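S.K.: heads up, no residue letters with this:
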């Protein structure tokens, strides 16, 4: 990492001139701080009178700097061009002049180990300017919540309604365009029909097992109390199932906190 600091600074100075934005990807928050310190150090050595990363004149920042007690914050966070952001900003709409990657790995807090970047991340780092990725549907990843809400609303009343619902979604349009992305073996009418039927059966079976819906005569669908609650509060069917099976009249405060912390929605937050 340290060996990459000088080339990184040189690249920024050469390619991101006149206040143009640049972004540098590093593995951990610790490396974010170290990288910022190194960049400011190189800048101060080469430009003693006027630091390359200052947005304003130093004297204009004196009133604000005096209110900050932590030295590193004073030196870094008030220098406008040196800001620290989450890795998720990579998938946003920011426009940059230069992108640098200091290492092929990032720290995965859940696994407590350094993990290689996924295949798509480096392409996003380079912004994939000339060959954009096709836009794929992710509905099949959250189909349980969609079906549950539609059953509660009375839009989907049986399994055939559920299949018809799928045919009006974007995922149905993308199946024939990029079947490999959806684990589809073919694009014939039979393949699509089997795929929809299997997806509907598996999804509704999971909702029935979690007591969110009831299935009568292997066809008709009816909402249950847990499903109505999950739909009203827009929470995952796995969360409402876990809450229902874990909460009792004797649950203490510690237990309540543990149950709340086990909600599936927290899996989306980076550690």
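M.R.: Here it is on my side, so go on. Note that this is a predicted model, so its numbers are computed, not measured.

S.K.: for the closest residue to residue 137 other than its chain neighbours, give me the pLDDT.
M.R.: Excluding the flanking residues, the one nearest residue 137 by Cβ to Cβ, 6 or more residues apart in numbering is residue 171, at 3.7 Å. Backbone N, C-alpha and C define where each C-beta goes, glycine included. You'll see residue 171 listed with a pLDDT of 90.

S.K.: which stretches of the stretch 1-150 of the chain have low pLDDT?
M.R.: Applying pLDDT under 70 to the stretch 1-150 of the chain flags the ranges 1-2, 16-20, 29, 47-107, 109-110, 117, 119-134.

S.K.: phi first, then psi, for residue 190.
M.R.: Note on residue 190: backbone dihedrals following degrees, to the nearest 10 are phi -70, psi -40.

S.K.: repeat that for residue 11.
M.R.: phi -60, psi -40.

S.K.: all strands for the stretch 151-271 of the chain, in order.
M.R.: For the stretch 151-271 of the chain, applying DSSP state E, counting those that start in this stretch gives strands covering 213-216, 220-223.

S.K.: what lines up beside the first one in the sheet?
M.R.: To tie it back to what came earlier, the one meant is strand 213-216. Partners of strand 213-216 in the sheet, by DSSP bridges, are strand 220-223 (antiparallel).

S.K.: avg pLDDT for the partner strand?
M.R.: 94.

S.K.: could you pull up the residues touching residue 242?
M.R.: The neighbourhood of residue 242, defined by Cβ atoms under 8 Å, 6 or more residues apart in numbering, consists of 259, 262, 263, 264.

S.K.: from residue 255, how far off is residue 249?
M.R.: 11 Å (Cβ to Cβ, to the nearest Å).

S.K.: and those two? which has more neighbours close in?
M.R.: Using other Cβ atoms under 10 Å as the criterion, residue 249 and residue 255 rank with residue 255 on top: 13 against 4.

S.K.: residues touching the closest residue to the more buried one other than its chain neighbours, list them.
M.R.: The spatially closest residue to residue 255, leaving aside those adjacent along the chain, is residue 246, at 7.8 Å (Cβ to Cβ, 6+ apart). Neighbouring residues of residue 246 by Cβ under 8 Å, 6+ apart: 255, 259, 262.

S.K.: start and end of stretch 151-161, how far apart?
M.R.: 10 Å (Cα to Cα, to the nearest Å).

S.K.: tell me the buried residues in it?
M.R.: Going by neighbour count (16 or more other Cβ atoms under 10 Å), the buried part of stretch 151-161 is 151, 152, 156, 158, 159, 161.

S.K.: the second one contacts residue 231, correct?
M.R.: Yes - look at residue 152 against residue 231 with Cβ atoms under 8 Å: they come within range, at 4.2 Å.

S.K.: quick one, domains of this protein?
M.R.: Partitioning the chain according to automatic domain parsing yields domains covering residues 2-125, 139-240.

S.K.: and the last one, how far apart are its ends?
M.R.: One end of domain 139-240 to the other measures 20 Å (Cα to Cα).

S.K.: what do you get for stretch 177-184?
M.R.: The stretch stretch 177-184 measures 11 Å between its terminal residues, going by Cα to Cα.

S.K.: can I get the strands of the stretch 151-271 of the chain in TSV with distance to residue 239?
M.R.: Rendered in TSV, the data for the strands of the stretch 151-271 of the chain read as follows (distance: least, Cβ to Cβ, whole Å):
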stretch	distance to residue 239
strand 213-216	16
strand 220-223	17
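
S.K.: and these, which is most packed in?
M.R.: Highest mean neighbour count among the strands of the stretch 151-271 of the chain (mean count of other Cβ atoms under 10 Å): strand 220-223, with a mean of 18.

S.K.: before we move on, the earlier item: give me the number of neighbouring residues for the residue nearest to residue 137.
M.R.: Residue 171 has 20 neighbours, counted by other Cβ under 10 Å.

S.K.: one more: residue 39?
M.R.: Residues lying near residue 39 (other Cβ under 10 Å) number 24.

S.K.: quick one: contacts for the residue nearest to residue 137?
M.R.: By Cβ under 8 Å, 6+ apart, residue 171 lies in contact with 137, 139, 140, 182.
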